[in-house]
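Enquirer: Quick check, what structure comes out for this input:
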Amino acid sequence: MKKLKHSKYKNTGILFELLVRQIATDTLNNRDSVATKIIKEHFSKNTELAKELRLYKLFIEENFTSEYKASEFVNIILNERTKLNESSLSRQKYNLIKVTDKVTKIKVNEVLKLITKVKSSKVITESQILSLLRYTELHDELKRVFK
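Expert: Alright, predicted model coming up:
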């Protein structure tokens, strides 16, 4: 059996879910989210990313009672997937990953600044503890993505 290569980091569905989680986190922390702009820019209706995301969502959300119907559905999804412009999709994924890499670097730099502040202060404030917890979640999220 041929082993398929799969990069979780380039999976459109996972990238979208990570951006949505970032929006939720930023909203809970009363911050404007850069992820909103990224989603609007990269997942607008006519992009290949948006088309692939729709197929991904259909695949994930659909349930079938018979194996035959499920098999037919998978064949339809795969057929629709072949209709996407692969070079355009690859370019759009590359641009999306490039932008998210910048956002990740910003987040990592924020963590480093926060840790430096905490290390140098004699008293740790409640907001610093909450921030450290948030960034621990970010760290765990990044570990899951890069596995």
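Enquirer: For Ile106, report the pLDDT, please.
Expert: Residue-level confidence at Ile106 comes out at 69, pLDDT.
Enquirer: Go through the helix or strand encompassing Arg21 and flag the buried ones.
Expert: Here Arg21, judged by DSSP states H and E, is contained in helix 12-28. For helix 12-28, burial by neighbour count (16 or more other C-beta atoms under 10 Å) applies to 12, 15-16, 18-19, 22-23, 25. Backbone N, C-alpha and C define where each C-beta goes, glycine included.
Enquirer: From the chain's centroid, how far away is that helix?
Expert: Using C-alpha atoms, centre = their mean, to the nearest Å, the mean C-alpha position of helix 12-28 is found 6 Å from that of the whole chain.
Enquirer: Just the closest of the buried residues of helix 12-28 to Thr47, please.
Expert: Here the nearest of the buried residues of helix 12-28 to Thr47, counting by C-beta to C-beta, is Thr12; it sits at 10.3 Å.
Enquirer: how many neighbours does the nearest residue to the closest one once chain neighbours are set aside have?
Expert: Using C-beta to C-beta, 6 or more residues apart in numbering and skipping the chain neighbours, the partner closest in space to Thr12 is Glu52 (4.7 Å). Counted by other C-beta atoms under 10 Å, the residues lying close to Glu52 total 21.
Enquirer: do Arg54 as well
Expert: Neighbours around Arg54, by other C-beta under 10 Å: 14.
Enquirer: Okay, buried residues for the strand or helix carrying it please.
Expert: Following DSSP H and E, one finds Arg54 within helix 48-61. For helix 48-61, the buried set under the neighbour-count rule, 16+ other C-beta under 10 Å, comprises 48-53, 55-56.
Enquirer: what's the angle from the longest helix along the chain to helix 12-28?
Expert: Counting residues, the longest helix in the chain under DSSP state H turns out to be helix 86-120. Orientation check (axes from the mean of the first three to the mean of the last three C-alpha atoms, to 10 degrees): helix 86-120 against helix 12-28 gives 40 degrees.
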